[in-house]
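Enquirer: Below is the structure, and that's it, no one-letter string:
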């Protein structure tokens, strides 16, 4: 091995040793948050309202009087209590939150579909998609 090759190998090994390590990428898939609002119970319960009721329903509850809100929540709790034993278990509450979030997603998909299906034929062509997404003129 010549001196030039030895120096080249030595300089490459030093560059590798001193180079900044690459960033570690997160390999764990995290579920989307239940609400876009901050989750800080010391400040407000807005995050919990969105997670429990769904964003649209939470907006409705914000406009109700305390009496109306209590009455509606009582009806919701009876829906959550799947085994009708008068108590809401952690699993029943988790199931309800998942249901509320899925309902919101399905409603959002329906809104998006209607917004893209410009000729209302139940199908979205590439032209309709481009027009709805990018604002091209038909």
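Expert: Cool, the structure landed. Since the structure is predicted, the reported quantities are computational estimates derived from the model, not experimental observations.
Enquirer: and the longest helix for the chain?
Expert: helix 90-116 (DSSP state H).
Enquirer: The nearest residue to residue 107 once chain neighbours are set aside: how many residues sit nearby?
Expert: Spatially, and ignoring its direct neighbours in sequence, residue 107 is nearest to residue 56 (7.4 Å; CB to CB, 6 or more residues apart in numbering). Bear in mind the C-beta positions are built from the backbone N, C-alpha and C, glycine included. A count of neighbours around residue 56, defined by other CB atoms under 10 Å, yields 13.
Enquirer: same check, this time on residue 85
Expert: Neighbour tally, residue 85, other CB under 10 Å: 9.
Enquirer: quick one: it from residue 78, how far?
Expert: According to CB to CB, to the nearest Å, residue 85 stands 11 Å off from residue 78.
Enquirer: likewise residue 96?
Expert: Relative to residue 78, and taking CB to CB, residue 96 is found at 11 Å.
Enquirer: Which parts of the protein are strands?
Expert: For the chain, no strands are identified by DSSP state E.
Enquirer: where in it is pLDDT low?
Expert: 1, 6, 9-10, 12, 14-37, 43-44, 136-138 (pLDDT under 70).
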